[in-house]
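Colleague: generate a structure from the sequence data that follows.
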Amino acid sequence: MLQAASRNKIKRLVLASSSSIYGDTDQFPEKEEHLPLLISPYALSKLAGEYYCRIFSEFFNVETVCLRYF
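Modeller: Sure, this is the predicted structure:
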């Protein structure tokens, strides 16, 4: 998806991430500054996607936004 965006000169990309990267905490509301607490492969895959977007945007000039849905 990221490579296709770059090849087709797409300027912005939105990634649907998940609040699952925060793990099972009692803190509400969650803050982006909280460290990830990965308790499932799903959470790990969502966090990895966010990191891929961050790195890709730096190298290929595609703006990315990651939304962590609850």
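
Colleague: tell me which stretches of the chain form strands.
Modeller: 12-18, 63-69 (DSSP state E).

Colleague: looking at those strands, spot the one closest to A43.
Modeller: Closest to A43 of these, according to CB to CB: strand 12-18, at 6.9 Å. C-beta here means a position set from N, CA and C on the backbone, and glycine is covered the same way.

Colleague: sheet partners, orientation included, of the closest one?
Modeller: Using DSSP bridges, the strands paired with strand 12-18 in its sheet are strand 63-69 (parallel).

Colleague: ok, back up a step: in CSV: the strands of the chain, plus distance to S57.
Modeller: Listed next are those as CSV, based on distance: least, CB to CB, whole Å:
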stretch, distance to S57
strand 12-18, 8
strand 63-69, 5
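
Colleague: how near is the most centrally placed residue in the chain to A4?
Modeller: For the chain, the residue sitting closest to the mean C-alpha position, by CA atoms, centre = their mean, is E50 at 2.6 Å. Per CB to CB, to the nearest Å, E50 is found 18 Å from A4.

Colleague: buried ones in the lowest-mean-pLDDT helix or strand in the chain?
Modeller: The weakest-scoring helix or strand in the chain, judged by mean pLDDT, DSSP states H and E, is helix 2-7 (a mean of 88). Across helix 2-7, burial judged by 16 or more other CB atoms under 10 Å covers 2, 5-6.

Colleague: tell me how far that helix lies from the chain's centre.
Modeller: 17 Å (CA atoms, centre = their mean, to the nearest Å).

Colleague: no further questions, thank you.
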